[in-house]
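Visitor: okay, predicted coordinates and the sequence, questions at the end:
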Amino acid sequence: MQFRHDHLNEFKRHSQRGRCLHFDSGSRCNKIISAHSIQKSGQLALIVEDGHVYRLSADASTLKKSNGTPQLRRIGVNRASTFLGFCKNHDNALFDQIDNYPLNSNKEQVALYAYRCICREYFVKENAVNVIDGMFHHVELSSEQREFLRLIRIGHSRGFAGLQHHKKIYDATLQAKDYDSFEFTYFISKSPCSLQLSGLLYPDFDFLGERLQDLGDWSSPLDLITFFTAPLQEGWAFGFAWHTSSNRTCIPFVQSLATLVSDNGCLEDALLRLSLSCCENHAIRISWWDSLAAEHQIGALKRMHLMTHPTLTVPNRYLVSGCEKMANWTFEHLYTTLPSTAA
């Protein structure tokens, strides 16, 4: 089908159109690099096997073979999580504190991890809008397909508008080095790691199934939280970070996770649920995934399908249960900027 071929070419063209998303970018940003949104030397090095990791694949050929369900694909570590979103000078200078040093309870480092999450998603979402615009008048589209594409574009455009709003806030905050405007909570593990990621979320429901904000209401900007993994001096961390302008939603979101755990919920299960349900930018240890029971793999892929499918309705309790007994890692401690009453 010519439309599928043209769509893949359009997607490839935009994904290869590099631009520097640094807050101080300009005409001197003339050497765009393939930047890792999940750092290679620190994070990916914890899970790479024989130079490869698994990555989620939801391209047209994969979806056709799997009846519409995304699959994991083996990929070389040099290609994992990369995007053409920064010039060499800005990438090296801005992210030095997280690319070359382990995470500690340093708000500057947390702010940089959060900013990288924002910029990568900004790059992807802007491309998605542009690809749809380029394909909207394709001769093979029926009127029904064109209407479906129009509705998808509305969703992408709203999401991109939200990212533009938050990126302006993050740009100004990092430019002013106002790192105290960020809040964070991260969990520490010294056990072997099998998953690394970098993502963000407009929290709709919390870990107890309670609604936090209506994703259909764009009358005002939605609150946003970033989440990421990071290497430590010993072990690794799973972190949440957000700008204080999103406190209204993000504090209750993190608080609900604390409540779930205090009510005998499993922290490792909850964070894996979030990772598989709300993020497509992750890298997975091959041997860990291959060792999972078939029903666990199927269940995990169904969760990923919720995230990639444009019309599926996400249930309000999608973060409450699921993925039990899949994680083979444990978290021992946490660091947080929130007072004990909020965390």
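Guide: Now that the structure is in, tell me what you want to look at. Numbers count the residues shown, from 1 in each chain.
Visitor: any stretches of the stretch 51-200 of the chain with poor pLDDT?
Guide: Along the stretch 51-200 of the chain, the model assigns pLDDT under 70 to residues 58-68, 136-137, 139.
Visitor: make it 50
Guide: Under the criterion pLDDT under 50, no range of the stretch 51-200 of the chain is flagged.
Visitor: any chance you could map the helices in it?
Guide: Per DSSP state H, counting those that start in this stretch, the stretch 51-200 of the chain carries helices over the ranges 60-65, 88-94, 96-99, 107-135, 143-175.
Visitor: which stretch among the ones you listed comes nearest F240?
Guide: Closest approach to F240 among those is made by helix 107-135 (9.1 Å; CB to CB). Any C-beta I mention is one placed from the backbone N, CA and C, and that applies to glycine too.
Visitor: what's the angle from the closest one to helix 143-175?
Guide: 150 degrees (axes from the mean of the first three to the mean of the last three CA atoms, to 10 degrees).
Visitor: sorry, back to before: which of the helices of the stretch 51-200 of the chain sits most buried?
Guide: helix 107-135 (a mean of 21; mean count of other CB atoms under 10 Å).
Visitor: by contact count, what packs against that helix?
Guide: Identification of packing neighbours for helix 107-135 by 3 or more CB pairs under 8 Å, 6 or more residues apart in numbering; DSSP states H and E yields helix 2-15, strand 82-87, helix 96-99, helix 143-175, strand 182-189, strand 195-201, strand 225-231, strand 236-243.
Visitor: residue boundaries of the helices in the stretch 201-343 of the chain?
Guide: 247-262, 267-278, 286-291, 294-308.
Visitor: using PDB, write down the CA coordinates of the third one.
Guide: Extracted C-alpha coordinates of helix 286-291, given in PDB (Å, rounded to 0.1, in the frame of the first residue of the first chain):
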ATOM      1  CA  ILE A 286      17.300  -8.900  26.900                       C
ATOM      2  CA  SER A 287      17.800 -11.800  29.300                       C
ATOM      3  CA  TRP A 288      15.300 -10.500  31.800                       C
ATOM      4  CA  TRP A 289      12.600 -10.200  29.200                       C
ATOM      5  CA  ASP A 290      13.300 -13.500  27.700                       C
ATOM      6  CA  SER A 291      13.100 -15.200  31.100                       C
END
